[in-house]
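Colleague: The sequence and its predicted three-dimensional model are supplied below.
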Amino acid sequence: MDTQPSYLGAFLKHPTNRLALLAAGVVGVFASIPLGWSGLVLVGVVALGTEILAALAIPGLAAFRTAVDRTHKQQQRAQRRIQLLHEISQYGDNQALATYQQMYSRVQALYQTASNSRTSLTSVDVDKLEDLTVDYLGLCAVNLSLKQRKDNASDEVASKRIAAIQARLQDKTLEEDEQRQLRAALVEYNEVLQRSRRLAARRSALEATLISMPDKMEEVYQLVITSPYSTDMGSKLEESLSRLRIAEEVAAEFDSSEASNSNAENAYSTATSVTRQTARNRTNTIKA
């Protein structure tokens with residue numbers, strides 16, 4: 001998804017601009033009746049000049065850019081929502097989908113409240129809440145992925161590998177290259193265990209966040225419904241909500257843990273291969 005919208009493209013595609021071009025075409029047709037081709041060309045030149053001047057001025061207006069940015073953000077949010085809903089549906093977590101639908105219905109009700117001119121609640125404020133619902137879907141997707149992938153990364157396997165490596169390092173007959181490879185594998189497996197512990201803490205925080213987010217949404221909904229005409233609604237929303245950005249941290253931490261697992265396995269495999277090759281060399285030497 002594009003992170004920066006094209007303001008010129010938004011102007012050219014804007015319904016008002018298209019309607020103006022259509023109107024210019026109609027005027028050109030009618031002007032060609034008494035004046036012929038010269039009338040059509042005259043209207044076309046005026047319309048083209050006006051279009052160029054508007055294209056140079058309007059995309060630079062702050063109000064226009066703000067409107068384009070909001071529309072672009074809404075489109076990105078809608079795309080991300082569809083992707084996350086599809087991903088969660090594949091996991092089969094109906095409870096998460098039901099909770100999201102409840103949160104989404106609250107947001108739509110708040111949009112209706114914001115449309116009332118008597119309330120200080122604005123659509124921009126409600127946009128923050130809608131972002132929160134998509135964040136909730138992202139957290140659910142990360143949590144489901146962690147639950148599924150955690151089963152494959154066993155701490156018990158890492159602990160057994162560490163014990164096996166430590167036992168092999170006690171062998172005084174190991175060559176220097178073998179010892180170096182085994183020590184590298186030992187360092188990697190120790191890092192795996194450390195990351196696993198950190199990841200467990202982050203998963204606990206993630207699960208707590210998933211429980212608290214719907215409650216925070218309900219808290220804000222009740223706040224707005226009970227006092228829709230409060231003059232400081234925006235500040236109250238800021239006090240009641242804090243954007244929860246733990247999903248990216250958890251995903252990054254888990255990816256690092258996966259990389260450490262892979263590095264540990266590679267180091268262990270390399271050390272095993274070196275040991276086996278050394279054993280073959282010794283056997284061949286004895287036979288010779």
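Modeller: That came in fine, so what should we check first?

Colleague: element containing the spatially most central residue of the chain?
Modeller: Centroid-nearest residue in the chain, with CA atoms, centre = their mean: Gly138, separated by 6.5 Å. Using DSSP states H and E, Gly138 falls within helix 123-150.

Colleague: what comes up buried for that helix?
Modeller: Of the residues in helix 123-150, 125-127, 129-144, 146, 150 count as buried by neighbour count, 16 or more other CB atoms under 10 Å. From N, CA and C alone the C-beta is placed, and that goes for glycine too.

Colleague: same thing with stretch 197-213?
Modeller: Per 16+ other CB under 10 Å, stretch 197-213 contains these buried residues: Leu199, Arg202, Arg203, Leu206, Thr209, Leu210, Met213.

Colleague: Show me what the helix or strand hosting the second one is packed against.
Modeller: If you go by DSSP H and E, Arg202 is part of helix 176-226. Here helix 176-226 touches helix 94-114, helix 123-150, helix 155-169, helix 233-240, helix 246-287, going by 3 or more CB pairs under 8 Å, 6 or more residues apart in numbering; DSSP states H and E.

Colleague: mean pLDDT for those helices: which is lowest?
Modeller: Comparing mean pLDDT across these, the weakest is helix 246-287, with a mean of 52.

Colleague: backbone phi and psi for Pro5, please?
Modeller: Per-residue torsions, Pro5: phi -80, psi 160 (degrees, to the nearest 10).

Colleague: Do I have it right that it meets His72?
Modeller: Yes: between Pro5 and His72 there is a contact under CB atoms under 8 Å: 3.9 Å.

Colleague: Give me the nearest residue to Tyr136, chain neighbours excluded.
Modeller: Distance criterion CB to CB, 6 or more residues apart in numbering; nearest residue to Tyr136, sequence neighbours excluded, is Met213 at 5.0 Å.

Colleague: mind listing what the one you found touches?
Modeller: Met103, Leu132, Asp135, Tyr136, Leu139, Leu244 (CB atoms under 8 Å, 6 or more residues apart in numbering).
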